[in-house]
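Visitor: sequence-free structure coming up:
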């Protein structure tokens, strides 16, 4: 047991050394590099799946090494925890030592002050008591200790003064704030939640379509989000109760198509105010980097895109209309891709199997401002991100679209297995502009009605975020203090003349980093104590003498 205890002490001393803390900090920075270079599941799982599908074995090795989940990986968490323990074990003993050092009076003067980097000596024509009082006044902002001749190394009365010891305190505060920031970040990731919801809004464009679907979102259940993630200690029951209704979305673009500003006007209510008429809800203009803050939650306007509207009319006159968001594949001009699935009216096909074989599916591209290229001018691209001349290039399928399988499907693409197996058969490929229709072989018509813009709202909550900000500010202020404050010492040794009418004064100054931080401070004290004139005044007087011809 004694041997085990010895090795444990050695391991603890190694872990809590400043060198180990620096190594762990360096390792943490290196460990974060894969999280910046490789797609992460926490941000976009589909990108990770595409990367694995396109890169084969090497991507599978990355996955086993948790490189697609860097910040949730066990090895990243281990480095993080070890760094925190190392910093705590390193800083706490230093803090206690610094506390004891602050209580300790300045050290006695060296025996030979002339060996110090800064030194001055001379005789002052004043009694020792007056010189001592003068020195005390000059050093009133310093930490001062006086030593009797029997305590001084040279056997004379001396004054020891120290300044800048707050530098070490600022350094300790910096490291303590760093530990606090790491702990609060970790605590925040344990209890945070973050969700995204897409709301199709009225864009205000002349090409927009009147929609009847709800533009309201209520933060009352995790099921209301399109995507949701949370820390391991969040059980989904602590959501802040509020609702908001998105009235519109507008985007401002520069002539070259670059986005200038996104804006969404919303109204919201919190708690029991939700039961009030919506006319009494609070209005707010949501913009990028200007989130709505509600009782600790933040609502961000994160992104946008377009949601085309299609109407399918069957030969019996019944119709179905859908408005579904398409995924922007080109984030500059918003050429987007997506899919829709339509179930035929129940009266047309009483048999469930027959009705399933006559579902309509649409898959293709949408351009907010169409531009046609290619040999026959049938290749659709987009030339501007605003919706000025919308058009679509779509494939129309008939068959089993997978609506009744009970399995989740992507809203942006059809199931390729259904197409390859022949359960979904392509019956038409067509380009349509707004208002145009195509008639299928059985008399069914598909009409492109137009499109609306959708806005992506993010609702997030991290109760430790104010603490992270506070520790960060303290850390930065302490860093400035530890860099700008210079620690320095000065000693004054006084030896009275035999008759007591004059005093021999010897000064010595020392800084931790040579003369850094002294500037003219030592010279000022030296000049004041010896009653010497200011060099600037002497130089000015010499210039005046030359100007008047005096020698």
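Guide: Nice, thanks for sending it over. Since the model is a prediction, treat every value here as computed from it, not as a measurement.
Visitor: all contacts plus neighbour counts: C-alpha atoms, from now on.
Guide: Will do.
Visitor: which strand residues bridge the nearest residue to residue 458 once chain neighbours are set aside?
Guide: Excluding its sequence neighbours, the residue lying closest to residue 458 (CA to CA, 6 or more residues apart in numbering) is residue 196, at 4.5 Å. Note on residue 196: beta-bridge partners residue 227, residue 458, judged by DSSP bridges.
Visitor: residue 459 is in contact with residue 196, correct?
Guide: Yes. If you go by CA atoms under 8 Å, residue 196 and residue 459 touch, sitting 6.4 Å apart.
Visitor: chain center to the biggest helix by length in the chain, what's the gap?
Guide: Criterion DSSP state H: the longest helix present in the chain is helix 74-103. Relative to the centre of its chain, helix 74-103 is centred 25 Å away, using CA atoms, centre = their mean, to the nearest Å.
Visitor: again, but for stretch 101-114
Guide: 47 Å.
Visitor: likewise for stretch 182-196?
Guide: Counting by CA atoms, centre = their mean, stretch 182-196 comes out at 12 Å from the chain centroid.
Visitor: now do stretch 286-306
Guide: Using CA atoms, centre = their mean, the offset of stretch 286-306 from its chain centre is 15 Å.
Visitor: one more: stretch 408-426?
Guide: On CA atoms, centre = their mean, the centre of stretch 408-426 falls 39 Å from that of its chain.
Visitor: how long is that stretch end to end?
Guide: Stretch 408-426 has an end-to-end distance of 22 Å (criterion: CA to CA, to the nearest Å).
Visitor: any regions of the chain where pLDDT drops low?
Guide: Scanning the chain with the threshold set as pLDDT under 70 gives 202-213, 512-519, 535-551.
Visitor: how near is the residue nearest to residue 458 to residue 313?
Guide: Counting by CA to CA, the gap from residue 196 to residue 313 is 33 Å.
Visitor: try residue 119
Guide: 100 Å.
Visitor: ditto for residue 508
Guide: 98 Å.
Visitor: burial check on residue 431, number of neighbours?
Guide: 19 (other CA atoms under 10 Å).
Visitor: enumerate every residue touching it.
Guide: 378, 391-394 (CA atoms under 8 Å, 6 or more residues apart in numbering).
Visitor: narrow the residues you listed to those in strands?
Guide: 391-394 (DSSP state E).
Visitor: most neighbours of all the residues you listed, which one?
Guide: residue 391 leads the ones in strands among the contacts of residue 431 on contacts (other CA under 10 Å) with 29 neighbours.
Visitor: stretch 362-376: end-to-end distance?
Guide: 23 Å.
Visitor: list the buried residues of it.
Guide: 362-371 (16 or more other CA atoms under 10 Å).
Visitor: and stretch 44-53, by the same measure?
Guide: 48, 51-52.
Visitor: now stretch 113-126
Guide: In stretch 113-126, counting by 16+ other CA under 10 Å, buried: 113, 116, 118-121, 124, 126.
Visitor: how far is it from where the chain is centred?
Guide: 55 Å.
Visitor: who does residue 307 form a beta bridge with?
Guide: Those that pair with residue 307 in a beta bridge, by DSSP bridges, are residue 452.
Visitor: and if you look at residue 147?
Guide: residue 158.
Visitor: let's number from 16 now, not from 1
Guide: Yes, from this point I'll number from 16; that puts the last item at residue 162.
Visitor: check contacts around it.
Guide: 123, 172-175.
Visitor: before we move on, the earlier item: so who does the residue nearest to residue 473 touch?
Guide: With CA under 8 Å, 6+ apart, residue 211 has these contacts: 240-243, 471-474.
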